[in-house]
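Colleague: need a structure here:
(one chain, ligands or ions: 1)
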Amino acid sequence: MRVPIIQMSSTTKRFGSQLVLDGLDWQVMPGQVIGLLGRNGAGKSTLMECLLGLRECDGGSVTVFGEDVATLTDTTRARIGYVPQKCDLFDWLTPRQLLDYFKSLYPRWNDAKVDALLGRWGFDADKQGKPIGKLSGGEQQRLSIIRALGPDPELLILDEPVSSLDPVGRRDFLRELIDSVIDHGTTVVFSTHILSDLERVALDVAFLKDGKIALQGPLDALLEGARRVTGPSAVLDGVQLAGEVRRQRGGDGITSVVTHGGPPPAHLGNAAGVRVESLSLEDLFIEVTQ
Ligand SMILES: Nc1ncnc2c1ncn2[C@@H]1O[C@H](COP(=O)(O)OP(=O)(O)OP(=O)(O)O)[C@@H](O)[C@H]1O
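Modeller: Sure, this is the predicted structure:
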């Protein structure tokens, strides 16, 4: 039996009176590559911090590699790579000193990969000797990614890893992710607002809404099945479509239904006044997170 790498059960997290994670249930299986989507403030970073044990939850349980995150062993921590949304690097160290420091903390460290990435991502000798605080935001983000990849993690958690990167940096990062991370069976959870990046990399997408995973599935299947069916309320009301995401009845007698279950039955699709449109990932994002 395959055991989930991440298991969140009835996970709750509040900040004061604000409920951010609301009894969230989520499983991530070995080798899954999941794009985590949600509006600003939906709780993606909070979810990631909770699943890494960096934030204490208020209720429920979170296990990673079968261990309670509140008491993760060093051995298990060493199997996880994390790129936070805000760079958490030590400003006064140089990139080389930072990487040497992290190398000393991990039982396994891939020098060849780190050196190759430093070379390919513009860290010449000068830059490797410059205090991190004096690097640009994008350079710091690249370094944060290299640091996370150094120990060849089995689980990689990426919180908007490309937000400061220029298009070339994003392309380089995505290539690295596809060629040497995903192809090696690493389990990846990453959040991004750049949907075109996600379409290149993610095999699955999960939408976070109202503190829960509102919808999750293989990206291809979701896109293949996503439709907006609009038509007279008299025709659409009372008919439940497969995979309904949202249903809206306008005051003008028109009902709009968003589904991820493919086209509606032919008799409905061909009914007078009924229009069926395929949806892009952006459309689906807007509809699911509305
Ligand atoms: N330390 C904190 N103290 C109080 N509120 C917090 C804290 N961290 C996050 N929040 C609140 O929790 C909510 C979720 O924040 P979070 O950063 O997890 O969202 P997000 O989905 O990652 O957003 P974005 O897409 O903008 O990065 C927000 O409303 C935020 O204001």
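
Colleague: pull out the buried residues from the longest helix along the chain.
Modeller: Using DSSP state H, we find that the single longest helix of the chain is helix 137-149. Going by neighbour count (16 or more other C-beta atoms under 10 Å), the buried part of helix 137-149 is Gly138, Glu139, Gln140, Gln141, Arg142, Leu143, Ser144, Ile145, Ile146, Arg147, Ala148, Leu149. C-beta here means a position set from N, CA and C on the backbone, and glycine is covered the same way.

Colleague: among those residues, pick out the one closest to the ligand, please.
Modeller: Nearest to the ligand among the buried residues of helix 137-149, counting by C-beta to the nearest ligand atom, is Gln141 at 14.3 Å.

Colleague: ok, now which ones touch the closest one?
Modeller: In this structure, Gln141 makes contact with Val83, Cys87, Pro161, Val162, Ser163, Ser164, Leu165, Gly169, judged by C-beta atoms under 8 Å, 6 or more residues apart in numbering.

Colleague: report the two of those separated the most.
Modeller: Cys87 and Gly169 (14.1 Å; C-beta to C-beta).

Colleague: get me the contact residues on the protein for the ligand.
Modeller: Contacts of the chain with the ligand, taken as C-beta under 6 Å from any ligand atom, map to Phe15, Val20, Gly38, Asn40, Gly41, Ala42, Gly43, Lys44, Ser45, Thr46, Gln85.

Colleague: please flag which of these sit within strands.
Modeller: When the residues of the chain next to the ligand are checked against strands using DSSP state E, the ones located there are Phe15, Val20.

Colleague: show me which of the residues of the chain next to the ligand are buried.
Modeller: Applying a neighbour-count criterion of 16+ other C-beta under 10 Å, the buried members of the residues of the chain next to the ligand are Val20, Gly38, Ala42, Gly43, Lys44, Ser45, Thr46, Gln85.

Colleague: okay, these in TSV with pLDDT and distance to Arg96 next?
Modeller: Listed next are those as TSV, based on pLDDT from 0 to 100; distance: C-beta to C-beta, whole Å:
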residue	pLDDT	distance to Arg96
Val20	97	38
Gly38	95	36
Ala42	96	37
Gly43	97	36
Lys44	96	32
Ser45	96	29
Thr46	97	33
Gln85	87	25
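
Colleague: and those residues, which is closest to Phe285?
Modeller: Using C-beta to C-beta, Gly38 is the member of those that sits closest to Phe285, with 8.9 Å.

Colleague: name the nearest residue to the closest one, ignoring sequence neighbours.
Modeller: Leu208 (3.7 Å; C-beta to C-beta, 6 or more residues apart in numbering).
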